[in-house]
Each structure stands twice: as structure tokens, then as C-alpha cells.
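K.L.:
Sequence first, predicted model second:
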Amino acid sequence: LGSALVAFGSTQSFALALACSVAIGAMMAMFDTLQWLLLQANVPEDLRGRVVGAWVGAIGFGWIGHLGLGALADLAGVQTAVITGGTTVFVVALVAAVSSPPLRRA
């Protein structure tokens, strides 16, 4: 996902931007599915309602990231903001993969 975002932010070609958009949408759908799969597999049934409630509450704070990206886009340009966002996603995913061995086996 991070690589596709960086490619999207870097391209000047409409066809490549369209292909990146399709890839980004597919990866976001897979990410959402993976979140639910990990939640179902790792949270005890009697706590699942509370965990889903906390998860939905955390999603409600997603606009804070949008404000930051919007401010960066205003200061440095939209391409820079998209590339920075993609790089951040890539680095966070890499750190999570290296530092979370139980998730790799789930």
C-alpha cells in the first residue's frame, strides 16, 4: 500500500495513476479484511463487543491524520503529502512486521 501511494504521488501519467488507484483501493479492502480477521481470531468472544466499540472509536479519530496531511499539502504540495503518507505507511508496516512475530504467525 505504501509503495502504491508513493508511486501514485510520483507519477505524471494518468494511466499509471489510475492503475495505482485501483491497487490502493484493493489493498485498502484487504487491510480492512485483515483487521477484522485479526480481531475475530485474537479477541475472546466475551470481550469482542467492547473491542469492536473501541476500534470504531479509534476510527473516529482518523480525521486528525487528514488534518495533518492537508496542512502538509498546503505547505509543501499535494504530491509531497501523498508521497510522505505512503512512505509513512511503508515504514510503519515494516516496523510492525519486524517487531510483531505473533502477528506474522496469526
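P.N.:
Good, I have the coordinates.
K.L.:
Point to the residue nearest the middle of the chain.
P.N.:
Of all residues in the chain, the one closest to the mean position by CA atoms, centre = their mean is V89, 6.0 Å from it.
K.L.:
give me phi/psi at the residue of the chain positioned farthest from its centre?
P.N.:
In the chain, D46 marks the outermost C-alpha relative to the chain mean, sitting 28.1 Å out by CA atoms, centre = their mean. Torsion angles at D46 (phi, psi; degrees, to the nearest 10) stand at phi -70, psi -10.
K.L.:
residues in contact with it?
P.N.:
Contact criterion CB atoms under 8 Å, 6 or more residues apart in numbering gives no residues in contact with D46. All C-beta spots, glycine's among them, are computed from the backbone N, C-alpha and C.
K.L.:
mind showing which ranges of the chain have poor pLDDT?
P.N.:
Scanning the chain for pLDDT under 70 picks out 102-106.
K.L.:
can you give me the strands for it?
P.N.:
For the chain, no strands turn up when DSSP state E is the criterion.
K.L.:
residue ranges of the helices in it, please?
P.N.:
Taking DSSP state H, the helices of the chain run over residues 2-10, 14-42, 48-59, 63-76, 78-99, 101-105.
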